[in-house]
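K.L.:
3D, please:
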Amino acid sequence: MHSQPLKGSNLTTVKGINSRLILHLMRVHKTLTKAEATRMTGLSANAISMIFRALEKEGFLLKGNLIRGKRGQPSTEIRLNPDVRHYIGFKVGRRSFDLVLINFIGDIKARIVSYHRYPTPSNTLRFIEENLSTLLSEAQLLHEDISAFNIACPFELWNWASDFDAPLQEMETWRDFDLKESIKEIVEWPVSIENDGTAASRAELLFGPDLKAQDLVYFFVGTFIGGGVVLNGSVFPGLRGGAGGFGPLRVPDERGGERLVDHASLVTLEHMMTEQTLPIAQDIYLEAFDWSQGEEAVSAWLKRAGRSLGHAIVSTLAVIDFETVVIDGAFPATIRERLIREIEAQLDKLDLQGIVRPVINAGHFAHVARALGAAGYQISTEFMINQNTLLRESPTTFLND
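P.N.:
Numbers count the residues shown, from 1 in each chain. Here you go, the predicted model:
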């Protein structure tokens, strides 16, 4: 049984939800005419006209090209206004910070990246204080142009510190540190925080091409592996926000550990290179790193990660019948494609009885995915339909209904 397509209602009490539905469809399809919106939503032509007028008045929609040559009156393509909102996303990573500023359609207007051996509360706040003004200046925007500041951060940073060679005492300072509240004291905008893997999956869902799949599982290979879950076309963070925390998944018959995180993580590659006394081991986290260096270690790691991810994919499919698997990570597209080939080769060998082999797609955002997804948090939660929470939400919205 497949997820149901989105439909609207002509009841005036859900006018706000219908407005959100139009923005949702506009984001998926890039442009819409009023006639197309009427067909897709099941709303009356009059209701669609009223919603479009209200959204144009609020600045969310722009008129585009006039379409001629069809029956009836010419139609006007309508699109989202890129400049109606701007957001900042901040990724706290075990090896880097990433700060981005985006517009309403996900264009990156400015970005600042900094690398470190490990994050601490003090160097995290210092990075924000030292770079926020520069970010706004590069984007040619003012403080009042920004709608929110959103954080993507691994949960429980104090755990697994020894796995990425961080001092336990310094990482322990994260345990009692409230990152969200501390950043609220620095910035003047609303602040949100979510798991970095969930944020990365949000970036793919919001700003990547339409995968035509309502239910998908997303793996992101960073310093440690993580990911996210998409159900009914919306990111599903779970009760505690940790859905898609795939690191602890058990992997059989693999030397070096029994967890997925022990094999399909960049820190594993770093350790493999260190064992070969390669001086480039710590450079793999740099976006400019040349992955043709250390090919022997890279090739061995890809096979190991591919085998482990094959087992992990089967485990996730035993729980939910995902249509699609998306693979992304903090590495170049060539490495991503090689990893996908290794995963496909592993799935060829595994017993898939009882599950349907999914389509495996490449992600599109690599290193920036987590910060980009964080920046898009309000776009997803305030201006799109979430069928997983629809019945629990108030019908009010950003418009004055």
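
K.L.:
mind saving the C-alpha coords of the helix ranked longest in the chain as PDB?
P.N.:
The residue-count maximum for a helix in the chain (DSSP state H) belongs to helix 295-317. Written as PDB, here are the backbone C-alpha positions of helix 295-317 (Å, rounded to 0.1, in the frame of the first residue of the first chain):
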ATOM      1  CA  GLU A 295      44.300   4.800  -3.100                       C
ATOM      2  CA  GLU A 296      45.200   1.500  -1.500                       C
ATOM      3  CA  ALA A 297      43.600   2.500   1.800                       C
ATOM      4  CA  VAL A 298      40.700   4.200   0.100                       C
ATOM      5  CA  SER A 299      39.900   1.100  -2.000                       C
ATOM      6  CA  ALA A 300      40.100  -1.200   1.000                       C
ATOM      7  CA  TRP A 301      37.800   1.100   3.000                       C
ATOM      8  CA  LEU A 302      35.200   1.400   0.300                       C
ATOM      9  CA  LYS A 303      34.900  -2.400   0.100                       C
ATOM     10  CA  ARG A 304      34.600  -2.600   3.900                       C
ATOM     11  CA  ALA A 305      32.100   0.300   4.100                       C
ATOM     12  CA  GLY A 306      30.100  -1.200   1.200                       C
ATOM     13  CA  ARG A 307      29.800  -4.600   2.800                       C
ATOM     14  CA  SER A 308      28.700  -3.100   6.100                       C
ATOM     15  CA  LEU A 309      26.200  -0.700   4.500                       C
ATOM     16  CA  GLY A 310      24.700  -3.700   2.500                       C
ATOM     17  CA  HIS A 311      23.900  -5.400   5.800                       C
ATOM     18  CA  ALA A 312      22.600  -2.200   7.400                       C
ATOM     19  CA  ILE A 313      20.300  -1.600   4.400                       C
ATOM     20  CA  VAL A 314      18.800  -5.100   4.800                       C
ATOM     21  CA  SER A 315      18.300  -4.500   8.500                       C
ATOM     22  CA  THR A 316      16.400  -1.200   7.900                       C
ATOM     23  CA  LEU A 317      14.200  -2.800   5.200                       C
END
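
K.L.:
what packs against that helix?
P.N.:
If you count contacts as 3 or more Cβ pairs under 8 Å, 6 or more residues apart in numbering; DSSP states H and E, helix 295-317 packs onto strand 216-221, helix 266-275, helix 333-349. Every C-beta, even on glycine, is put in place using the N, C-alpha and C of the backbone.

K.L.:
if you set the cut-off to 6 Å instead, what comes out?
P.N.:
Helices and strands touching helix 295-317, by 3 or more Cβ pairs under 6 Å, 6 or more residues apart in numbering; DSSP states H and E, are helix 266-275, helix 333-349.

K.L.:
So which of those is nearest I67?
P.N.:
Checking the helices and strands packed on helix 295-317 against I67 by Cβ to Cβ gives helix 333-349 as the closest, at 35.1 Å.

K.L.:
okay if I get the helices and strands packed on helix 295-317 as a markdown table plus mean pLDDT and mean neighbour count?
P.N.:
Converted to a markdown table, the helices and strands packed on helix 295-317 look like this (pLDDT from 0 to 100; neighbours: other Cβ atoms under 10 Å):
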| stretch | mean pLDDT | mean neighbour count |
| --- | --- | --- |
| helix 266-275 | 97 | 20 |
| helix 333-349 | 98 | 16 |
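
K.L.:
out of these, which comes closest to L101?
P.N.:
helix 333-349 (24.1 Å).

K.L.:
could the helices and strands packed on helix 295-317 go into JSON lines alongside distance to S315?
P.N.:
As requested, the helices and strands packed on helix 295-317 are exported to JSON lines (distance: least, Cβ to Cβ, whole Å):
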{"stretch": "helix 266-275", "distance to S315": "19"}
{"stretch": "helix 333-349", "distance to S315": "12"}
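
K.L.:
Of those helices, which is nearest V100?
P.N.:
helix 333-349 (19.4 Å).

K.L.:
tally of neighbours for F97?
P.N.:
21 (other Cβ atoms under 10 Å).

K.L.:
That one pairs with what?
P.N.:
Beta-bridge pairing for F97 (DSSP bridges): V92, S114.

K.L.:
Which parts of this protein belong to which domain?
P.N.:
Domain assignment for the chain by automatic domain parsing gives 12-81, 86-199+372-379, 209-363.

K.L.:
okay, and for the stretch 51-200 of the chain, where does confidence drop off?
P.N.:
68-74 (pLDDT under 70).

K.L.:
Can you show me the strands along it?
P.N.:
61-67, 75-80, 86-92, 96-103, 108-115, 148-153, 191-195 (DSSP state E, counting those that start in this stretch).

K.L.:
could I get the ones you listed as TSV with distance to S234?
P.N.:
Converted to TSV, the strands of the stretch 51-200 of the chain look like this (distance: least, Cβ to Cβ, whole Å):
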stretch	distance to S234
strand 61-67	22
strand 75-80	18
strand 86-92	18
strand 96-103	19
strand 108-115	23
strand 148-153	17
strand 191-195	14
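
K.L.:
Just tell me which of those strands ends up closest to I379.
P.N.:
strand 86-92 (7.3 Å).

K.L.:
what packs against that closest one?
P.N.:
strand 96-103, strand 148-153, helix 369-375.

K.L.:
Helices of the stretch 151-300 of the chain, start to end?
P.N.:
Assigned by DSSP state H, counting those that start in this stretch, the stretch 151-300 of the chain shows helices spanning 168-171, 179-184, 196-207, 266-275, 295-317.
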